[in-house]
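Undergrad: sequence unknown, structure follows:
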Ligand SMILES: [Zn+2]
């Protein structure tokens, strides 16, 4: 969060918890959190009207006329039990206090206008409660009984704890195996490794399967590093194989070969393109990695 946002939160008595901004406006709990190129606004309120979605879209569009580059576009609204969640198309790097505030006010005002009110019932059991928690990246009304039930459930699920070793092995195997389709294409004369983007996806899938640690930083470092290793290793393999094939496998391959003037530019070109495509694949699953590492336990809110 940038300094302007921090100052704004202090002034308004909003809180920042990692990437989540939360607080209370007109007695309604709201939260703001980045989700890839979008921002999720969630409001702890119910609204009976079917017209809520179109009204909010209309009102934000009206607001946008004053805001350059048309930053707030409602992408989707979903209203599960008493939680209005709205995806707006702007990235965290564009966060400005006045813009966030405008968006919050507009949405709450529209909901109230249409008969909406703050939610005072537990999202799980429906019991009246004034207890609020951070859960699933939003603020939710949840009674103390349901909170402790969820805690209990989590403890029971932790019979298979996460591990660096298995996570790393999984991510590496995933990245290497995920490289196979790309390498097959390379052997068949495709200069650019268009399939390199699945390397990161496979790496993350096995990282998760082998229960890699649920720390966002750790997960990202391991998955990016393994994908990088996979691309470099496979590309050396492809060049080495091609080299040996040219000599009918009578000559053994040495790394020096790659550094010859006639080879190096091509190797670097292929490496650059493939790493770039692999990176695109990784950026595409950014949100999935974040979701995997979000703690599943509700956290009490103090406001
Ligand atoms: Zn409950």
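TA: The structure has been received and is ready for your questions. These figures come from a predicted structure and were not determined experimentally.

Undergrad: which stretches of the stretch 1-150 of the chain form helices?
TA: Here the stretch 1-150 of the chain has its helices, by DSSP state H, counting those that start in this stretch, at 3-12, 52-64, 97-113, 144-157.

Undergrad: buried sites along the last one?
TA: With burial defined by 16 or more other Cβ atoms under 10 Å, the residues of helix 144-157 counted as buried are 146-147, 150. For glycine as for every other residue, the C-beta is placed from the backbone atoms N, C-alpha and C.

Undergrad: before we move on, what about the longest one?
TA: Buried residues in helix 97-113, counting neighbours by 16+ other Cβ under 10 Å, are found at 97, 99-100, 102-104, 106-111.

Undergrad: residues of the stretch 1-150 of the chain that sit close to the ion?
TA: Selection of the stretch 1-150 of the chain residues close to the ion by Cβ under 5 Å from the ion yields 122, 124-125, 127, 143, 146.

Undergrad: buried only: go through those residues for me.
TA: Members of those classed as buried by 16+ other Cβ under 10 Å are 122, 124, 143, 146.

Undergrad: so which two of those residues are the farthest from each other?
TA: For those, the maximum inter-member distance is 7.5 Å, found between 124 and 143 (Cβ to Cβ).

Undergrad: in TSV, list the buried residues of helix 97-113 along with pLDDT.
TA: Output for these, formatted as TSV (pLDDT from 0 to 100):
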residue	pLDDT
97	88
99	84
100	89
102	88
103	89
104	92
106	91
107	91
108	93
109	93
110	92
111	92
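
Undergrad: ok, so of the residues you listed, who is nearest the ion?
TA: residue 111 (22.9 Å; Cβ to the ion).

Undergrad: pLDDT weak spots in the stretch 1-150 of the chain?
TA: 66-73, 80-81 (pLDDT under 70).

Undergrad: the same query, at a cut-off of 90, please.
TA: 1-3, 17-19, 27, 34-40, 44-100, 102-103, 116-126, 130, 134-141, 146-150 (pLDDT under 90).

Undergrad: got the residue ranges for the strands in the stretch 151-300 of the chain?
TA: Shown for the stretch 151-300 of the chain, the strands assigned by DSSP state E, counting those that start in this stretch span residues 299-300.

Undergrad: what distance do you get for residue 127 to residue 64?
TA: Applying Cβ to Cβ, to the nearest Å, the value for residue 127 to residue 64 is 39 Å.

Undergrad: cool, and residue 229?
TA: Taking Cβ to Cβ, one finds residue 229 at 45 Å from residue 64.

Undergrad: what's the answer for residue 168, then?
TA: For residue 168 relative to residue 64 (Cβ to Cβ), the value is 46 Å.

Undergrad: check residue 186 too.
TA: Taking Cβ to Cβ, one finds residue 186 at 46 Å from residue 64.

Undergrad: the two: which is more packed in?
TA: residue 186 (25 against 17; other Cβ atoms under 10 Å).

Undergrad: ok, residue 31 touching residue 20?
TA: Yes. Under the criterion of Cβ atoms under 8 Å, residue 31 makes contact with residue 20 at 5.7 Å.

Undergrad: these two: which is more packed in?
TA: residue 31 (25 against 19).

Undergrad: what's opposite the more buried one in the beta bridge?
TA: Beta-bridge partners of residue 31, counted by DSSP bridges, are residue 22, residue 42.

Undergrad: show me what contacts it?
TA: 20-22, 40-42, 134, 137-139 (Cβ atoms under 8 Å, 6 or more residues apart in numbering).

Undergrad: determine which two of those are furthest apart.
TA: 41 and 134 (14.9 Å).
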